[in-house]
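In: any chance you can model this:
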Amino acid sequence: MAKAEFSLAGDVGEIVLDDPPLNLFDMELAQAVRSAVDAAWDAQPRAVLVRAAGENFSAGANVEIFLDRDEAAARELLGGFLPAIRRFEEIPCPTLAAVQGLCLAAGFEIALACDMIWAAEGSQLGLVEAVIGATPFGGGTQRLAARVGVARAAEAIMTGRPYPAERMLGWGAINRVVPADELEPKARAFAERLASGPTLAHAATKAVLRRAGDEGIKAADDALVDIGAVVMASEDLQNGARTLLKQGPGKAEFERA
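Out: Numbers count the residues shown, from 1 in each chain. Purely as a prediction, here's the structure:
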């Protein structure tokens, strides 16, 4: 069995890390995640839930993969993982990470690649690479900074310490903290709710957010005319507007884009 797998139930896809108890990223798990991301693209779900088996989402990387690498070998390793993170970010549907226990380093970077993060009460999140003399290698530095600001990201990364979920919620790094025994069912129900929404509009929202994050507000404004025109002309919006006028809000049903 692969250490990470993708499955589809209705319109909701799930990527599950499955190498408990720590779900440590080694070469096998990293490759399994890349394959799961490819499978998610192929399946075209309307929402994706990312979760993990066991008591911990992921304690990060198995540090053995860093040993005895010269710069050329290090470039090869980094060049294999970062594109998978970016490819997952760009999947045109809402993505939600549901994390429990330890969510550290590479595990937190996977979560940060999702549109939203829910964490169980008592969980610990952080980019802790500094404890072994490393910096986050999977894009966590810039993605955490985009959520919490440069100053807080610098503190979190340079101290190399994990933070309780409640602190990360207060900083704006994650969206919700829920009781541990409710995390998976509530996250799945929320993903199903997202999947029933306007897929084309959600994809547009992600595209605008990504453009703003990468290039700034003006670039997002410039892109919005083309992105928005497709949404405005879509059957989803036309049906949604007609339904609102006839039946009131919350009654529209949306088709897969």
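
In: next one: Phe6, what pLDDT does it get?
Out: pLDDT, Phe6: 98.

In: quick one: strands adjacent to the helix or strand hosting Ile15?
Out: Per DSSP states H and E, Ile15 falls inside strand 12-17. Within its sheet, and counting by DSSP bridges, strand 12-17 is paired with strand 4-9 (antiparallel), strand 47-52 (parallel).

In: need the winner for burial among these.
Out: Neighbour counts (mean count of other C-beta atoms under 10 Å) averaged over each of the strands paired with strand 12-17 peak at strand 47-52, with a mean of 26. Bear in mind the C-beta positions are built from the backbone N, C-alpha and C, glycine included.

In: average pLDDT for it, rounded please.
Out: Rounded mean pLDDT across strand 47-52 is 98.

In: give the contact list for the residue nearest the centre of the chain.
Out: Centroid-nearest residue in the chain: Cys114, 1.4 Å away (criterion: C-alpha atoms, centre = their mean). Neighbour list for Cys114: Val48, Val50, Phe88, Thr95, Leu96, Ala97 [criterion: C-beta atoms under 8 Å, 6 or more residues apart in numbering].

In: and the gap between the third one and Lys186?
Out: Read that as Phe88. 22 Å (C-beta to C-beta, to the nearest Å).

In: comparing those two, which residue is more hemmed in?
Out: Neighbour totals were compared for Phe88 and Lys186, and Phe88 leads with 22 against 15 (other C-beta atoms under 10 Å).

In: show the contacting residues for that one.
Out: Contacts of Phe88 by C-beta under 8 Å, 6+ apart are Val37, Ala40, Thr95, Ile110, Ala113, Cys114.

In: the fifth one: how many residues sit nearby?
Out: Just to be clear, that refers to Ala113. By other C-beta under 10 Å, the residues close to Ala113 number 24.

In: pretty sure it is touching Glu89, no?
Out: Yes: with contact defined as C-beta atoms under 8 Å, Ala113 counts as touching Glu89 (5.0 Å).
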